[in-house]
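In: Build me a model:
(chains A and B)
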Protein chains: 2
Amino acid sequence: MNVESPNEKKEYAADLSSIQEARIRIQRFAHQTPVLSSESINAASGKQLFFKCECFQKGGAFKFRGACNAIYSLDDEQAAKGVVTHSSGNHAAALSLAAKLRGIPAYIVIPENAPKCKVENVIRYGGQVIRSKATIQSREMVASKVMQETGALLIHPYNDGRIISGQGTISLELLEQVPQLDTLIVPISGGGLISGISVAAKAINPAIRIFAAEPKGANDAALSKAAGEIVILAETNTIADGLRAFLGDLTWPIVRDLVDDIITVEDSEIVEAMRLCLEILKVVVEPSGAIGLAAVLSDSFKQNPSWKDCNRIGIILSGGNVDLGMLWNSSEK
Amino acid sequence: MNVESPNEKKEYAADLSSIQEARIRIQRFAHQTPVLSSESINAASGKQLFFKCECFQKGGAFKFRGACNAIYSLDDEQAAKGVVTHSSGNHAAALSLAAKLRGIPAYIVIPENAPKCKVENVIRYGGQVIRSKATIQSREMVASKVMQETGALLIHPYNDGRIISGQGTISLELLEQVPQLDTLIVPISGGGLISGISVAAKAINPAIRIFAAEPKGANDAALSKAAGEIVILAETNTIADGLRAFLGDLTWPIVRDLVDDIITVEDSEIVEAMRLCLEILKVVVEPSGAIGLAAVLSDSFKQNPSWKDCNRIGIILSGGNVDLGMLWNSSEK
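Out: Prediction:
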């Protein structure tokens, strides 16, 4: 499917209207996050960079926007039965928090080998933890069982129009805060964030360029764009634990049509970008969140002649949930 | 001197007009810093807290406001001769940066035992480093020599009306961003920051309460308030390296008259507050900058019955210039 007429755009799982509706739905609950800039980092990149700080979002990541939109989109009957997910990262915490705000149950299936901090995060935000074995089959089976027993609705972390629309509210805010942006750089994993952002940003400014930033060790989106179809990797290997998912059938058409290019970066570049965020911006950003800065500072970005005219660049610092001790441990090696 | 009539207020080194003028003078150069909040930290404190993030200010600390106001207050003739300071911390970096923006020289006298990172910071912002011996006598002597040779003007880090007025612009912004604040908690050292903040905030809302936060190991402001005169300590001992200065003759009258009380905290409480800023707010804050949060979480604040009705509290996160490795090293002990 190629987008050739405006009507066809409506086939995507989200559009400008659904994103504007999401904004109204979540604005009582979500933070309008600030945009920071630094002349030192501008000098290092040769560009004017504007950092949209979703690490300051509730729950410490952009995920709360989509989760909140999904939770408040439910009718009362469905809401009373609750929601379930078998993602154990920022989406699980965000869904728990949004469900708590609405006063409905969130059942979070977490594999027995998940890090303790993730479990604690879900509990802190009021989610009900249900243990599964470590395999994806076990997680899905346990989630199905919860759904059967409780009537709870599965909320997928990214392959869901309500989630995509919620994440798209970032573009509405950012393009009001810095209207003159000509480029956005967005982390890509399952594609929920960049899909929402692309749909909204290109509806507002069709000339804006959108780049995805992806780790070399989980470069399925770059391979998918090259192949013209969703590519699944047998394994991934990256410090950016939030960027290991693969595109879904709702996010792929948007990524295929609206994302202009994909910049892949090394883990070492991600760690260096995290350090710049801490030392210069004074912002705590997780590896997945720092990848946009890593991309704009990478040689492949700087040396690509067709990107020379990208000058005012919005970078999404997507989250800040990180054990910072890791950074110091990694530097001691 | 007691303040008994509005006219007498004009005897202070700054007033609402000078602060409003400072705002106009610096607004092309300084960031309007965002205000963050966290429901987790609100729950821990039992209050609604609003964090004014001066760690995101240019140079990484509020000091840029005062320095910029001082630099742009100079007439062209004086400006051409430059400025000098023998403070080596955030003020030196801020003064260097403001001088660079105006295109005039900043001579920064730095003792030979100063940490390398402070010297690098000054150089990065374009200051001209001039070495002295470690004693305060040597620093002052070298600064005098620079003034004689160049005609440069000494800009004191806090005991200066232009500096106080610049710092006061924080109140103008903060009370626009969160008009319903009933209390402010502000780090105190030489008193420049809290003087500017108090003069502006009490002019806008005379009922607002202002508390200073001070380390127990450098509690000269608390002792000064108790004694009714400036107390100088023979030595200080605190992790908050930015809070070791003593009140000056221009800041003391304001602190004496307008600061409602002083909360002293242990270094361990400061480190814990830094950690909360990193882990929950996702903001890098130096020890001096985290002390306001430490104060509001301290037992002495929570248990003081006369502060029970402080509910909507603005906390100034004054700066973020810290070697974060320190935090991990301190936790390994």
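In: And stretch A:41-57, what's buried?
Out: Within stretch A:41-57, the residues that qualify as buried are A:41, A:45, A:47-57, counting by 16 or more other CB atoms under 10 Å in any protein chain shown. Placement of C-beta: from N, CA and C, glycine included.
In: Around chain B, pick out the residues from the stretch 101-250 of chain A.
Out: Residues of the stretch 101-250 of chain A lying close to chain B by CB under 8 Å from any CB of the partner chain are residue A:124.
In: Distance check, residue A:67 against residue A:157.
Out: Using CB to CB, to the nearest Å, residue A:67 is found at 9 Å from residue A:157.
In: Residues that sit against both of the two, list them.
Out: Common contacts of residue A:67 and residue A:157, defined by CB atoms under 8 Å, 6 or more residues apart in numbering or on different chains, comprise A:91, A:163.
In: Give me the domain ranges for chain A.
Out: Annotated domains of chain A cover A:6-61+A:160-332, A:64-154 [automatic domain parsing].
In: Looking at residue A:67 and residue A:157, which one has more neighbours?
Out: Remark: of residue A:67 and residue A:157, residue A:67 carries more neighbours, 36 against 24, as counted by other CB atoms under 10 Å in any protein chain shown.
In: The more buried one touches residue A:162, doesn't it?
Out: No: Residue A:67 sits out of contact with residue A:162 when judged by CB atoms under 8 Å, with a separation of 9.1 Å.
In: Mutual contacts of these two, please.
Out: Contacts common to residue A:67 and residue A:162, judged by CB under 8 Å, 6+ apart, are residue A:155.
In: In the stretch 51-200 of chain A, what residue lies closest to chain B?
Out: Of all residues in the stretch 51-200 of chain A, residue A:55 sits closest to chain B, at 4.5 Å by CB to the nearest CB.
In: Run through the residues that contact that residue.
Out: A:61, A:283-286, A:289, A:317-320, B:282.
In: can you check residue A:209 too?
Out: A:182-184, A:260, A:310.
In: which two in those residues are spaced the farthest apart?
Out: Based on CB to CB, the longest span within these runs between A:182 and A:260 and measures 11.5 Å.
In: pretty sure the residue of the stretch 51-200 of chain A closest to chain B belongs to a strand, no?
Out: No: judged by DSSP: H, G, I helix; E, B strand; the rest coil, residue A:55 forms no part of a strand; its state is helix.
In: Spatially nearest residue to it, not counting backbone neighbours?
Out: residue A:320 (3.0 Å; CB to CB, 6 or more residues apart in numbering or on different chains).
In: what's around that neighbour, how many residues?
Out: 28.
In: Was I right to think it contacts residue A:283?
Out: Yes: with contact defined as CB under 8 Å, residue A:320 counts as touching residue A:283 (7.1 Å).
In: so what's in contact with the two at the same time?
Out: A:55, B:282.
In: Leaving out the residues flanking it, which one is nearest to residue A:167?
Out: residue A:196 (3.6 Å).
In: who touches the helix or strand hosting that neighbour?
Out: Following DSSP states H and E, one finds residue A:196 within helix A:192-204. Residues outside helix A:192-204 that contact it (CB under 8 Å, 6+ apart) are A:9, A:12-16, A:19, A:62, A:66, A:157-160, A:163-172, A:174-175, A:184, A:186-188, A:208, A:210, A:212, A:250-251, A:254-255, A:258-259, A:316, A:318.
In: residue ranges for the strands of the stretch 1-150 of chain A, please.
Out: A:35-36, A:48-53, A:83-85, A:106-111, A:128-132 (DSSP state E, counting those that start in this stretch).
In: just checking, what packs against the shortest one?
Out: This means strand A:35-36. Using 3 or more CB pairs under 8 Å, 6 or more residues apart in numbering or on different chains; DSSP states H and E, the elements in contact with strand A:35-36 are strand A:48-53.
In: Which neighbours in the sheet does the strand it packs on have, and how are they oriented?
Out: strand A:35-36 (antiparallel), strand A:312-317 (parallel) (DSSP bridges).
In: Format these as TSV; extra columns: mean pLDDT, distance to residue B:97 and mean neighbour count.
Out: What follows is those, written out as TSV (pLDDT from 0 to 100; distance: least, CB to CB, whole Å; neighbours: other CB atoms under 10 Å in any protein chain shown):
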stretch	mean pLDDT	distance to residue B:97	mean neighbour count
strand A:35-36	98	17	21
strand A:312-317	98	23	27
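In: Check the offset of whichever helix or strand comes after the helix holding residue A:196 from the chain's centre.
Out: Using DSSP H and E, the helix or strand that follows helix A:192-204 in sequence is strand A:209-215. How far strand A:209-215 lies from its chain's middle: 12 Å, per CA atoms, centre = their mean, to the nearest Å.
In: Need the CA coordinates for strand A:209-215. CSV is fine.
Out: Extracted in CSV, the C-alpha atoms of strand A:209-215 (Å, rounded to 0.1, in the frame of the first residue of the first chain):
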residue,chain,number,x,y,z
ARG,A,209,11.5,14.9,7.9
ILE,A,210,11.3,12.0,10.3
PHE,A,211,14.2,9.7,11.1
ALA,A,212,14.1,6.6,13.2
ALA,A,213,17.1,5.8,15.5
GLU,A,214,17.9,2.2,16.0
PRO,A,215,20.7,0.2,17.6
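In: Any buried residues in whichever helix or strand comes after it, and which?
Out: Later in the chain than strand A:209-215, the nearest helix or strand by DSSP H and E is helix A:220-227. Neighbour counts over helix A:220-227 (16+ other CB under 10 Å) mark A:220-225 as buried.
In: Dump the C-alpha coordinates for helix A:220-227 into CSV.
Out: What follows is helix A:220-227, C-alpha atoms only, in CSV (Å, rounded to 0.1, in the frame of the first residue of the first chain):
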residue,chain,number,x,y,z
ASP,A,220,15.1,-5.0,12.3
ALA,A,221,13.4,-1.7,11.3
ALA,A,222,16.3,-0.8,9.0
LEU,A,223,16.1,-4.2,7.5
SER,A,224,12.3,-4.0,7.2
LYS,A,225,12.5,-0.7,5.3
ALA,A,226,15.1,-2.1,3.0
ALA,A,227,13.2,-5.3,2.4
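In: No further questions, thank you.
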